[in-house]
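A.B. asks: Fold the following.
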Amino acid sequence: MPEDSIQHINFDELNQKAISQPLVKHIYTADPSAHVFNGKIYIYPSHDIDTGEAFDDLGSHFAMEDYHVISMDSPTSEAKDNDIALQVNDVPWAEKQMWAPDAAEKDGKYYLFFPAKDYDGIFRIGVAISDSPTGPFKPQSQPIQKSFSIDPAVFKDDDGSYYMYFGGIWGGQLQRWRTGKFNTENSESPFAHLPKDVEPALCAKVAKLTDDLLEFVEDAKDVIIIDENGKPLLQGDTERRFFEASWMHKYNGKYYFSYSTGETHFICYAIADNPYGPFIYADRILNPVVGWTSHHSILEFNGEWFLFYHDSSLSKGVTHLRSIKVTKIEYDENGLIKTINPYNDLKVLS
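C.D. replies: Next up is the predicted model:
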């Protein structure tokens, strides 16, 4: 939600109206990537730490430096913090800013996928491996070749193939890769190199992973989102176009690509018949939460579906001190997700 609205919020009232409460309160956590491994839920969030950095559009105040894994026996059970699973000093190529991660399992091994800035200030995506879903994870010595930007989300399809969806604009640097190479011009401006409002929006990226989940099989492709007329969404369509926070899940044979719209603070989704798309824009999943960012994941547990997300209610609106939450989601008879209001009375956000 807009930064200037936060000062007008009664947070006691807000928390009473919230549809869910923070899963952990002793640390700040965000960007929850949730998975079911061996019948149990494991959440891979980023770890918000107050480093005193000033707010800016490059995301410098999001100075996260390690990952904790949160586990739950069910969506309604107590959440357990399993302590540090990986920290930036363990990663040879990474200097700082370990942002939103994801995880996957294959053949009894667990893979943590994470973005971080290298020593040239460029976001890359790395992989770390463990014998346990809670870590500790041992990182590869180099990031994934040809990886860039942020917010990796790894999806396992029914045929055993794994795909990574990733990317984020502004501080996520996606706009700097429009030519296929990193553009260093106007490095202090997150708005440089963006398309014009009347041009097709920047897209998330997707690439199939190798069998060992350590590299891309192919060059990353655009995840194109189209409107009801078959036209790609435009950059100026800020209430529908992609900004960051990719996620993929499958429901009744259809592929649901969901994402954040960034500065308009919606979680939206689009549907396709295959993992590459194009994806037809469907609707919103989650209306704005307190705090600038919105980032989520979706999973099925015992035949029910759940949305994991975050807000800044615990920190009383501090945008870089967020808390992960969970709520149930529902589909209608046409397979569309019913939009969720994170607080029972949205007037509290006006």
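A.B. asks: Counting neighbours, what do you get for W93?
C.D. replies: 15 (other C-beta atoms under 10 Å). For the C-beta atoms, the positions are set from N, CA and C on the backbone; glycine is no exception.
A.B. asks: from what I can see it touches Q145, true?
C.D. replies: No - if you go by C-beta atoms under 8 Å, W93 and Q145 don't touch, sitting 11.8 Å apart.
A.B. asks: contacts for the lowest-mean-pLDDT helix or strand in the chain?
C.D. replies: Among the helices and strands of the chain, helix 11-17 carries the lowest confidence by mean pLDDT, DSSP states H and E, at a mean of 89. Helix 11-17 is contacted by residues Q21, V290, S313, K316, G317, Y343, N344, D345, V348 when judged by C-beta atoms under 8 Å, 6 or more residues apart in numbering.
A.B. asks: Pull out the buried positions in that helix.
C.D. replies: With burial defined by 16 or more other C-beta atoms under 10 Å, the residues of helix 11-17 counted as buried are F11, L14, N15, K17.
A.B. asks: Counting by contacts, list what the next helix or strand after it packs against.
C.D. replies: For helix 11-17, the succeeding helix or strand toward the C-terminus, using DSSP states H and E, is strand 28-37. Other helices and strands packing on strand 28-37, by 3 or more C-beta pairs under 8 Å, 6 or more residues apart in numbering; DSSP states H and E, are strand 40-48, strand 66-72, strand 102-106, strand 297-301, strand 304-311, strand 323-329.
A.B. asks: just the strands in the stretch 151-300 of the chain please.
C.D. replies: Secondary structure of the stretch 151-300 of the chain (DSSP state E, counting those that start in this stretch): strands located at 153-156, 162-166, 204-208, 221-223, 225-226, 244-251, 254-260, 267-272, 279-286, 297-301.
A.B. asks: Relative to the first one, what are the paired strands and their orientations?
C.D. replies: Put plainly, it is strand 153-156. Here strand 153-156 is paired, per DSSP bridges, with strand 162-166 (antiparallel).
A.B. asks: tell me the angle of the partner strand relative to strand 254-260?
C.D. replies: Here the directions of strand 162-166 and strand 254-260 differ by 30 degrees (axes from the mean of the first three to the mean of the last three C-alpha atoms, to 10 degrees).
A.B. asks: now strand 162-166, how far from the centre of its chain.
C.D. replies: Mean C-alpha position of strand 162-166 versus that of the full chain (C-alpha atoms, centre = their mean, to the nearest Å) differs by 12 Å.
A.B. asks: Can you pull out the residues in contact with that strand?
C.D. replies: Contacts of strand 162-166 (C-beta under 8 Å, 6+ apart): 104, 106, 113, 115, 125, 147, 149-157, 204-209, 213, 216, 220, 223, 246-248, 257, 275.
A.B. asks: Give me the buried entries from the residues you listed.
C.D. replies: By 16+ other C-beta under 10 Å, those give 104, 106, 113, 115, 125, 147, 149-156, 204-209, 213, 216, 220, 223, 246-248, 257, 275 as buried.
A.B. asks: picking up where we left off before, which one of the strands of the stretch 151-300 of the chain lies nearest to E78?
C.D. replies: strand 297-301 (15.4 Å; C-beta to C-beta).
A.B. asks: Where does pLDDT dip in the protein?
C.D. replies: Within the chain, the stretches with pLDDT under 70 are 1-8, 52-62, 346-350.
A.B. asks: Let's see that with 80 instead.
C.D. replies: In the predicted model of the chain, residues 1-8, 51-63, 345-350 satisfy pLDDT under 80.
A.B. asks: roughly how far apart are the residue most central in space within it and M164?
C.D. replies: Among the residues of the chain, the one closest to the centroid is A245, at 3.2 Å (C-alpha atoms, centre = their mean). Distance of A245 to M164, computed by C-beta to C-beta, to the nearest Å: 14 Å.
A.B. asks: Who wins on neighbours among the contacts of helix 11-17?
C.D. replies: Ranked by the number of neighbours (other C-beta under 10 Å), the contacts of helix 11-17 place V290 first, at 28 neighbours.
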